[in-house]
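In: test case, fold it:
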Amino acid sequence: MKKGLLLFSFIMLLHLSCAGSKNIDLPVSTANTVNDTVKIVNDSLEYKVIIIDNGYSTWLSSRALPRNFHSQSFLEGKNQLYILEWNSRVMQPQRYNPNLYEMTINYNSNIDYGYEVNYLIYNYMIYFQNTYKQKLYGNVPLK
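Out: Next comes the predicted model:
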């Protein structure tokens, strides 16, 4: 980030080999937190989620609601709305800060990414909105 304090990068690459809905149960061990980087990798489905943002790991462990507080369907619904608005802002760099909205997120609502992926994405979106004073959709929980 140009302000020097925060490095922001959110990358979600999805290269799915099969069409349609799949149930994906990711073991918790696939979610790794190292130096404010949260990674989820599933080689069998060929996707990777990498969240790099100073402070997110600390926020996730100290302020996010616990896992299983929300249902997977709740998280998926919120993620769809947040990501739709996020991608819209990426496409409008003259209107929205391109340092905040660097890349589109490829999120397919027909794919079951599992609870852990949706949990981490949802919580990143909450963290992002509160930290950078953005409002992607609806009321943003203050945490």
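In: when you work out contacts or count neighbours from here on, use the C-alpha atoms and nothing else.
Out: OK.
In: okay, and for the chain, where does confidence drop off?
Out: By pLDDT under 70, the low-scoring segments of the chain are 1-47, 142-143.
In: pull the longest helix from it.
Out: Of all the elements of type helix in the chain, the one with the most residues (DSSP state H) is helix 72-90.
In: and it, what's buried?
Out: Neighbour-count burial for helix 72-90, with 16 or more other CA atoms under 10 Å as criterion, is recorded at 72, 75-76, 78-80, 82-84, 86-87, 89-90.
In: next secondary structure after that helix?
Out: Proceeding N to C from helix 72-90, the next assigned helix or strand is helix 115-131, under DSSP states H and E.
In: and that following helix, what does it pack onto?
Out: helix 56-62, helix 72-90 (3 or more CA pairs under 8 Å, 6 or more residues apart in numbering; DSSP states H and E).
In: just want the angle from that helix to helix 72-90.
Out: 50 degrees (axes from the mean of the first three to the mean of the last three CA atoms, to 10 degrees).
In: reformat the helices and strands packed on helix 115-131 as JSON lines; add distance to Met125.
Out: Shown next, in JSON lines, are the helices and strands packed on helix 115-131 (distance: least, CA to CA, whole Å):
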{"stretch": "helix 56-62", "distance to Met125": "10"}
{"stretch": "helix 72-90", "distance to Met125": "7"}
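In: Phe128: which of these is closest?
Out: Taking CA to CA as the measure, the helices and strands packed on helix 115-131 were each checked against Phe128, and helix 56-62 came out nearest at 8.5 Å.
In: nearest residue to Val90 in space, please, no chain neighbours.
Out: Tyr101 (5.0 Å; CA to CA, 6 or more residues apart in numbering).
In: dump the residue contacts of the one you found.
Out: Residues touching Tyr101, when contacts are defined by CA atoms under 8 Å, 6 or more residues apart in numbering, comprise 86-87, 89-90, 93.
In: from those residues, pick the one nearest Gly55.
Out: Proximity of those to Gly55 was ranked by CA to CA; the top entry is Trp86 with 20.1 Å.
In: dump stretch 93-105 to CSV, restricted to CA.
Out: Coordinates of each C-alpha in stretch 93-105 appear next as CSV, following Å, rounded to 0.1, in the frame of the first residue of the first chain:
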residue,chain,number,x,y,z
PRO,A,93,-10.2,2.6,-10.8
GLN,A,94,-11.1,6.2,-11.6
ARG,A,95,-13.8,6.1,-8.9
TYR,A,96,-12.4,3.7,-6.3
ASN,A,97,-8.8,3.6,-5.0
PRO,A,98,-6.9,1.1,-7.2
ASN,A,99,-4.5,0.6,-4.3
LEU,A,100,-7.4,-1.0,-2.3
TYR,A,101,-9.1,-2.8,-5.1
GLU,A,102,-6.2,-4.3,-7.0
MET,A,103,-7.5,-7.6,-8.5
THR,A,104,-10.8,-9.2,-9.2
ILE,A,105,-11.8,-12.2,-7.1
